[in-house]
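A.B. asks: Starting from these lines, generate the structure:
(3 chains)
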Amino acid sequence: MQFSANQIATLLNGAVEGNPDIEVSQLAKIEEGGPGDLSFLSNPKYESYIYTTNASIVIVNEDLVLTDSVKATLIRVKNAYSAFTSLLTIYNQLKLDRKGIEQPSFISESATLGRDPYVGAFAYIGKDVKVGDNVKIYPHVYIGDNVSIGDNTTLFPGVKIYHDCVIGKDVTVHAGCVIGSDGFGFAPQEDGSYAKVPQIGNVVVEDQTEIGANTVIDRATMGSTVIRKGVKLDNLIQIAHNVEIGTNTVIAAQTGIAGSTRIGDHVVLGGQVGVVGHIQIAAGTQVQAQSGINRTVKQPNTKLGGSPATAYSSQLRSQVIYARLPELERRLAQLEQLLAQKEDLK
Amino acid sequence: MQFSANQIATLLNGAVEGNPDIEVSQLAKIEEGGPGDLSFLSNPKYESYIYTTNASIVIVNEDLVLTDSVKATLIRVKNAYSAFTSLLTIYNQLKLDRKGIEQPSFISESATLGRDPYVGAFAYIGKDVKVGDNVKIYPHVYIGDNVSIGDNTTLFPGVKIYHDCVIGKDVTVHAGCVIGSDGFGFAPQEDGSYAKVPQIGNVVVEDQTEIGANTVIDRATMGSTVIRKGVKLDNLIQIAHNVEIGTNTVIAAQTGIAGSTRIGDHVVLGGQVGVVGHIQIAAGTQVQAQSGINRTVKQPNTKLGGSPATAYSSQLRSQVIYARLPELERRLAQLEQLLAQKEDLK
Amino acid sequence: MQFSANQIATLLNGAVEGNPDIEVSQLAKIEEGGPGDLSFLSNPKYESYIYTTNASIVIVNEDLVLTDSVKATLIRVKNAYSAFTSLLTIYNQLKLDRKGIEQPSFISESATLGRDPYVGAFAYIGKDVKVGDNVKIYPHVYIGDNVSIGDNTTLFPGVKIYHDCVIGKDVTVHAGCVIGSDGFGFAPQEDGSYAKVPQIGNVVVEDQTEIGANTVIDRATMGSTVIRKGVKLDNLIQIAHNVEIGTNTVIAAQTGIAGSTRIGDHVVLGGQVGVVGHIQIAAGTQVQAQSGINRTVKQPNTKLGGSPATAYSSQLRSQVIYARLPELERRLAQLEQLLAQKEDLK
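C.D. replies: The predicted model follows:
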């Protein structure tokens, strides 16, 4: 795809400064841009690159004052960052636009597809599956019986969705993600073995969520494991059975949430965090990476860190002293010695 | 599937109290049950729901004493919980029952399938593979050359089993699980690069095990990585080369076991635990979530926590004091000051 | 495959001691070897097994002095370990040698394959993909549009590579690995929701790297996430967007690297390590398992441990005292009491 400075300026409602006919076919950072690249300048920290960049076109803020000559054609807009981001979004939509049904794919007779579907080769769509409009189902995706998928949702290659799960609209699920696998429920038997507790619930993933690659969300024992609207889950996350993740909560990679725990709205969990089962985390809670939460957090907007997690500020102080524990013990031993000497002197 | 109260009571050897002809088609929790749902009451904590539930049928203990009127039809049995669980198991077996060979699938000429197989579309079965009776191989499963699969085993979508591995009977492997990938073995070379140590062993998974979604079990360098009978592994677990996991051991999600370590029987490891390589963990050991085990545990039934892990009870005491480290240092500084003043006073 | 002692000795430039015509078809550890097995003895610790092993052939160092009679046929070579390793490599190459294009597979018309390809059934090769010579693409592999794959690279079953990524020569990628999924970038909006930041960069994996099963490497927001030459990544690792991993760096399982962090050359990270975003780790840094690195490491060859990580030696001392914190507090309380008594006595 080639675009001229003029075309881009028209799209962004901006003004061209330089050659309006110069064309670009790629996006690049300003410090890495070469001929044929479109870039942007928003952060003043990078301002010096405007004079050295080889990018053909740079989008800049309308109030940028130049102090030297510039090779690139500039497009001046109100907000260079948000203008560039909306270009990125359009670019990505064009790039990832796919339609049609590739062969061989497997679509059960009782499944229904909406308007303008993409079904990649080797995708599997089970019985009674309902797929909305503009859904993209990449190769090697597995959709079990009775699953429903909302409009404008994208399932990247190799996503596996077990039977009876419900996926909302405008959802993005990345490659290798598993939704609806059995919860980890086993009842100890007298002979030391474990009997499986059947997991007959499902997973409900609401609208506008994004779920990372190779993340796993287990189905509920009964009822539903629920991922609320707007939740963003990173890669390699474990969500156990009957968990509920509140609206607009964001969870970083490799974090695990144990069974039946309820995470509130607008919570932010760092990477590699662990949360035990059967607790509640209040709305707005923020948790440092690698923390371990082992009890209910009642107070909204609490900041926590450490394993087991405590208030973040006190955790920081304990960390500092932990690093000085050998010194602390030395000081203690000195006092003991001093007092012992005093006793001897008496 | 519709069942009447009478049919269910006959199956469970129970007594109907209410309308014997009322029918149910779904299972639900007592607090969420609606018309057409079957539920159960076992935990006295939930007893009040028996008077308010909209479930059509509720299975209860035979000694339940009612203090008010009840809308639902009751089925009285000896043990409501275990009766309900056996119903769940039957329900799930019916629900997940699949037979036949879907097309297109890839079955090598030299592979042998047992009685009543299910082979999903896009499943791949390599050369000389031996599959037992009643095995379910879901879509996108890969079974490498010379693998054997025991009777009644289920491989959910996208399971990948490398060549030469041995999977027992009554095994369940969840979606995306990888069995038999190369162990992580590299020999440092003089030029700073690493030469691969070929991994020519395999993985042996014994009977009645269950392995979670996206879990990885590496093949042995030589010999076998072994998962003993009855082991339950949760999701996203890493089992390195030449590890052995003892009978009926249970491991929660995101835990990792490094190479050549031997975990005993009836061990319980929490989530996100790490165990270093080349050590032994005694039978019955129990380890808290997020712990790190860095030495052999000789004493059976030890309870451990922390990273590095120590006896759980002492770990708990250390954790409490860790949270009070700033206070501890303040007290120490006070003593130092006090003693310094005394010296000055002399 | 059957080989005689004579054939193996010729291959290894060794001398046969015993029956030159005896044949072996498998490799085994000396302590587990049976008839038909080939084994080796290098570590003197295992020397006693030479007199008891049932292996048909054992490769030994040329200077091994026997003190008793031996059943096995011996092959004496300069270095038994490296001779055996090179045999393993040959064995594995023969074993994993595959050629040809299985059906059904999906190869876009605009894709180009090199010489001697293996393309497994259900593999998907997108538009304009360029595949080098001797590449092995196992079943269920997904290769997105515009990806290039260098010579002699192996992609094991179910590997997913998103569009525009670049994979070098002599690369091995294990089953279920995802390369090029979207980085985790979301901009908070005024209404509490998050807007996706489009991720239009790619992933570049250089030559002679090996990447473990179910590991995820996210594409850059812009530019490239880069895995340099000779890097070895274990299973279930998370590499976030715009990360760079230096030449010959080795990372153990379940470790996570957050966005835009640069890891130097010859770094060694243990398992379950977490590294925060936007920092640099100097060349030769070594990090203990389960550590958390939260700041730039400037000094090359630093050894770190703990979370947050500090110098490994001081971390060890702090760990020892942490385990004795209850005792430390008791000693402090005793001193306080002693001093209080002194005050009272005045």
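A.B. asks: any low-confidence regions in the stretch 201-346 of chain A?
C.D. replies: For the stretch 201-346 of chain A, the stretches with pLDDT under 70 are A:345-346.
A.B. asks: can you list the residues of it near chain B?
C.D. replies: Residues of the stretch 201-346 of chain A lying close to chain B by C-beta under 8 Å from any C-beta of the partner chain are A:214, A:216, A:218, A:222-223, A:236, A:238, A:240, A:254, A:256, A:258, A:272, A:274, A:276, A:292, A:307-308, A:310, A:314, A:317-318, A:321-322, A:328, A:331-332, A:335, A:338-339. Yep, even glycine has a C-beta here, placed from its N, CA and C like the rest.
A.B. asks: what's the span of stretch A:181-189 from first residue to last?
C.D. replies: Using C-alpha to C-alpha, to the nearest Å, the end-to-end distance of stretch A:181-189 comes to 23 Å.
A.B. asks: again with stretch A:241-258
C.D. replies: 8 Å.
A.B. asks: same deal with stretch A:126-139?
C.D. replies: 15 Å.
A.B. asks: Stretch A:267-281 now?
C.D. replies: End residues of stretch A:267-281 are separated by 8 Å (C-alpha to C-alpha).
A.B. asks: swap in stretch A:291-311?
C.D. replies: First residue to last in stretch A:291-311 (C-alpha to C-alpha) measures 11 Å.
A.B. asks: Now do the buried residues in it.
C.D. replies: By 16 or more other C-beta atoms under 10 Å in any protein chain shown, the buried positions in stretch A:291-311 come out as A:291-294, A:297, A:302, A:304-310.
A.B. asks: ok, back up a step: inside helices: which ones of the residues of the stretch 201-346 of chain A next to chain B?
C.D. replies: If you go by DSSP state H, these have A:Ser314, A:Arg317, A:Ser318, A:Ile321, A:Tyr322, A:Leu328, A:Arg331, A:Leu332, A:Leu335, A:Leu338, A:Leu339 in helices.
A.B. asks: secondary structure class for the closest residue to the second one other than its chain neighbours?
C.D. replies: Sequence neighbours aside, B:Pro326 is the residue nearest to A:Arg317 in space, at 4.5 Å (criterion: C-beta to C-beta, 6 or more residues apart in numbering or on different chains). Under the three-state scheme (DSSP: H, G, I helix; E, B strand; the rest coil), the conformation of B:Pro326 reads as helix.
A.B. asks: Count the neighbours of B:Pro326 for me.
C.D. replies: 13 (other C-beta atoms under 10 Å in any protein chain shown).
A.B. asks: Could you do A:Lys95 as well?
C.D. replies: Neighbour count for A:Lys95, taken as other C-beta under 10 Å: 15.
A.B. asks: now do A:Val216
C.D. replies: A count of nearby residues for A:Val216, using other C-beta under 10 Å, gives 30.
A.B. asks: Around chain C, which positions in the stretch 101-250 of chain A sit nearby?
C.D. replies: Residues of the stretch 101-250 of chain A lying close to chain C by C-beta under 8 Å from any C-beta are A:102, A:104, A:120-122, A:138-140, A:156-158, A:172, A:174-176, A:208, A:210, A:212-214, A:230, A:232, A:234-236, A:247-248, A:250.
A.B. asks: domain ranges for chain A?
C.D. replies: Recorded structural domains for chain A (assignment: automatic domain parsing) are A:3-95, A:100-315, A:320-345.
A.B. asks: Give me whichever of these is most buried.
C.D. replies: Mean neighbour count (mean count of other C-beta atoms under 10 Å in any protein chain shown) peaks for domain A:100-315 among those, with a mean of 22.
A.B. asks: Near chain B, which residues of the stretch 1-150 of chain A are found?
C.D. replies: Counting by C-beta under 8 Å from any C-beta, the positions of the stretch 1-150 of chain A adjacent to chain B are A:Pro104, A:Phe106, A:Phe122, A:Tyr124, A:His140, A:Tyr142, A:Gly144.
A.B. asks: which one of those residues is nearest A:Lys95?
C.D. replies: A:Lys95 lies nearest to A:His140 out of these, by C-beta to C-beta, at 20.3 Å.
A.B. asks: That closest one should be in a strand, yeah?
C.D. replies: No: read with three-state DSSP, A:His140 is coil and lies in no strand.
A.B. asks: what helix or strand is the closest residue in space to it that isn't next to it in sequence on?
C.D. replies: Distances taken as C-beta to C-beta, 6+ apart place A:Gly158 nearest to A:His140, at 4.5 Å, with adjacent residues excluded. Using DSSP states H and E, A:Gly158 maps to neither a helix nor a strand.
A.B. asks: With distance to A:Ala195 as extra columns, can I get the ones in helices among the residues of the stretch 201-346 of chain A next to chain B in JSON lines?
C.D. replies: Converted to JSON lines, those look like this (distance: C-beta to C-beta, whole Å):
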{"residue": "A:Ser314", "distance to A:Ala195": "44"}
{"residue": "A:Arg317", "distance to A:Ala195": "47"}
{"residue": "A:Ser318", "distance to A:Ala195": "43"}
{"residue": "A:Ile321", "distance to A:Ala195": "48"}
{"residue": "A:Tyr322", "distance to A:Ala195": "43"}
{"residue": "A:Leu328", "distance to A:Ala195": "50"}
{"residue": "A:Arg331", "distance to A:Ala195": "56"}
{"residue": "A:Leu332", "distance to A:Ala195": "53"}
{"residue": "A:Leu335", "distance to A:Ala195": "58"}
{"residue": "A:Leu338", "distance to A:Ala195": "63"}
{"residue": "A:Leu339", "distance to A:Ala195": "61"}
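A.B. asks: sorry, back to before: quick one: which two of the buried residues of stretch A:291-311 are the most distant?
C.D. replies: A:Thr302 and A:Ser307, at 15.8 Å, using C-beta to C-beta across the buried residues of stretch A:291-311.
A.B. asks: Report pLDDT for A:Gly144.
C.D. replies: Listed pLDDT for A:Gly144 reads 98.
A.B. asks: One more: the one 4 residues further on?
C.D. replies: At A:Ser148 the predicted local distance difference test score is 98.
A.B. asks: tell me which residues form a beta bridge with it?
C.D. replies: Note on A:Ser148: beta-bridge partners A:Lys130, A:Val166, judged by DSSP bridges.
A.B. asks: A:Lys130 is in contact with that one, correct?
C.D. replies: Yes: under the criterion of C-beta atoms under 8 Å, A:Ser148 makes contact with A:Lys130 at 4.3 Å.
A.B. asks: shared neighbours of the two, anything?
C.D. replies: With C-beta atoms under 8 Å, 6 or more residues apart in numbering or on different chains applied, the contact sets of A:Ser148 and A:Lys130 do not overlap.
A.B. asks: So, low pLDDT: which residues of the stretch 1-150 of chain A?
C.D. replies: When residues are selected by pLDDT under 70, those of the stretch 1-150 of chain A lie in A:1.
A.B. asks: the helices in chain A, which residues?
C.D. replies: Using DSSP H, helices in chain A cover A:5-12, A:80-95, A:312-323, A:325-345.
A.B. asks: for the third one, packing partners?
C.D. replies: Pointing back at helix A:312-323 there. Helices and strands touching helix A:312-323, as assessed by 3 or more C-beta pairs under 8 Å, 6 or more residues apart in numbering or on different chains; DSSP states H and E, comprise strand A:303-305, helix B:312-323, helix B:325-345, helix C:312-323.
A.B. asks: okay, the angle between it and helix C:325-345?
C.D. replies: Between helix A:312-323 and helix C:325-345, the angle comes out at 90 degrees (axes from the mean of the first three to the mean of the last three C-alpha atoms, to 10 degrees).
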